[in-house]
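> for reference, the sequence and a predicted model appear below.
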Amino acid sequence: MLPECLPSLLGQDYSGVFSVVVVDDDSTDDTAKVAAALGSQPGARDIVVTSARPTPAGWAGKVWAMSEGVQAAAGADYLLFTDADIAYAAGTVTRLARAAADGQYDMVSQMALLRTSTTAEKFLIPAFVYFFAQLYPFPRVSRRRSRTAAAAGGCMLVRAGALAAAGGLAQIRSARIDDVALGKLIKRAGGRCWLGLTTDVASRRPYDRLADIWNMVARSAYTQLRYSLAGTAGCVLGLVWLYLLPPVATVAGIALVAAWASTTTAAWLAAAGAAGWLAMSVTYAPMLRLYRLSVLRAPGLPAIAAVYAAMTADSARRHHHGRGGEWKGRVIARADN
């Protein structure tokens with residue numbers, strides 16, 4: 001990913017002091033060498049490639065790598081946390097910094113535009129962002145008095161002073177979902193946060209198969225639900241109630257009308273189900289437009305919700321079979337924070 005994404009940061013036209021820190025966290029694919037070579041190209045921004053020290057007990061690997069990056073960037077006014085598979089459009093860093101300064105925000109986070117090239121990605125990825133925005137409504141995240149806090153890990157610009165005032169990354173050292181944890185840390189310390197959508201920040205990570213997306217969701221869903229079987233059951237039942245019940249009611253009502261010629265109850269059942277189905281389709285359409293996909297896909301949201309319900313249930317199953325948080329061949333230990 002680095003040759004495709006890192007140059008988009010190194011080539012940013014930013015009028016202030018700006019440098020890039022790449023944290024090599026025990027990689028086995030020459031990450032450090034590739035990053036250094038990209039940074040040596042003419043016109044590239046200053047780059048520091050640092051190898052993370054061994055992860056201390058009690059720290060999640062990702063948060064420790066972030067902490068190592070913060071140390072390497074000591075003295076900076078702003079810290080932009082991003083991933084190696086994220087690409088930035090020209091001028092994005094300037095716009096992020098200006099938005100933070102003008103709005104007096106301590107954290108500005110943008111949900112990276114995820115890839116939708118394969119059939120599986122087109123079917124499931126826009127809904128991933130749609131469901132995330134329902135769990136953490138963006139306007140509430142940006143509202144000072146709201147308790148809702150979150151962030152999108154691919155792009156998080158944080159005022160360094162605000163992070164230090166909140167106690168630093170050590171306060172969320174065991175967090176497995178680091179972006180949401182960081183958003184909560186900043187906001188609960190009194191900081192102002194902003195979270196939104198963008199097309200200027202894009203993820204290049206491919207999810208070529210359904211299994212790839214399934215593993216991505218299943219590794220963290222149970223963690224997000226605080227390792228609660230009751231919470232998992234409630235989430236699955238909620239998805240079934242909100243998204244599967246309307247189309248089932250529509251089809252059942254129509255079938256009853258057809259079988260019994262006409263009944264008031266059957267007609268109302270069909271009408272109520274169709275109204276719910278239409279409502280969810282209308283709310284999903286803007287997300288499809290953001291991803292430049294046909295809004296004709298919107299009525300398929302119930303089928304997508306059914307898949308996400310299955311992935312959520314599978315996440316709980318994996319944890320109780322000793323495979324919780326499995327990612328890239330590694331099983332991440334449970335964290336209770």
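Thanks, I have the structure now.

> can you give me the strands for the stretch 1-150 of the chain?
Ranges of strands within the stretch 1-150 of the chain are 19-24, 46-51, 78-82, 86-88, 107-113, based on DSSP state E, counting those that start in this stretch.

> partners of the last one in the sheet?
Its sheet considered, strand 107-113 pairs with strand 155-159 (antiparallel), strand 193-203 (parallel) by DSSP bridges.

> list the buried residues in it.
Met107, Val108, Ser109, Gln110, Met111, Ala112, Leu113 (16 or more other C-beta atoms under 10 Å). All C-beta spots, glycine's among them, are computed from the backbone N, C-alpha and C.

> show me what the third one bridges to in the sheet.
Going by DSSP bridges, Ser109 is paired in beta bridges with Met156, Leu195.

> from what I can see it touches Trp194, true?
Yes. Counting by C-beta atoms under 8 Å, Trp194 is a contact partner of Ser109 at 7.0 Å.

> hmm, back to that, would you reformat the strands paired with strand 107-113 as a markdown table and include mean pLDDT and mean neighbour count?
Converted to a markdown table, the strands paired with strand 107-113 look like this (pLDDT from 0 to 100; neighbours: other C-beta atoms under 10 Å):
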| stretch | mean pLDDT | mean neighbour count |
| --- | --- | --- |
| strand 155-159 | 98 | 24 |
| strand 193-203 | 97 | 19 |
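
> dump those strands into a markdown table; add distance to Leu79 as well.
Formatted as a markdown table, these follow (distance: least, C-beta to C-beta, whole Å):
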| stretch | distance to Leu79 |
| --- | --- |
| strand 155-159 | 5 |
| strand 193-203 | 14 |
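
> name the residues that touch the helix or strand hosting Ala306?
Applying DSSP states H and E as the criterion places Ala306 in helix 301-319. Applying C-beta atoms under 8 Å, 6 or more residues apart in numbering, the contact partners of helix 301-319 are 123-124, 127, 131, 214, 217-223, 225, 227, 229, 232, 235-236, 239-240, 242-244, 246-247, 277, 280-281, 284, 324-326, 334.

> now, those that are in helices?
Under the assignment DSSP state H, those contribute 123-124, 127, 131, 214, 217-218, 221-223, 229, 232, 235-236, 239, 246-247, 277, 280-281, 284 to helices.

> what sits closest to Thr31 if chain neighbours are left out?
Take Thr31 and drop its neighbours on the chain: the residue closest to it by C-beta to C-beta, 6 or more residues apart in numbering is Asp24, 4.9 Å away.

> residues near Ile213, how many?
The number of residues packed near Ile213 is 22, by other C-beta atoms under 10 Å.

> check what pLDDT it gets.
Among the per-residue scores, Ile213 holds a pLDDT of 96.

> can you list the low-confidence ranges for the stretch 1-150 of the chain?
Flagging of the stretch 1-150 of the chain using pLDDT under 70 yields an empty set of residue ranges.

> if I pick Arg292, what's in contact with it?
Residues near Arg292 by C-beta under 8 Å, 6+ apart: Thr116.

> could you check how far it is from Pro126?
Here Arg292 is placed at a distance of 10 Å from Pro126 (C-beta to C-beta, to the nearest Å).

> then Pro299?
Going from Pro299 to Pro126 by C-beta to C-beta gives 14 Å.

> look at the two and report which has more neighbours.
A side-by-side neighbour count of Pro299 and Pro126, using other C-beta under 10 Å, places Pro126 first with 25 against 15.

> so that one makes contact with Ser294?
No. Using C-beta under 8 Å, Pro126 makes no contact with Ser294, being 11.1 Å away.

> what is in contact with the two at once?
Common neighbours of Pro126 and Ser294, counting by C-beta under 8 Å, 6+ apart, are Leu288.

> where does the stretch 151-300 of the chain dip in pLDDT?
The stretch 151-300 of the chain contains residues with pLDDT under 70 at 260-262.
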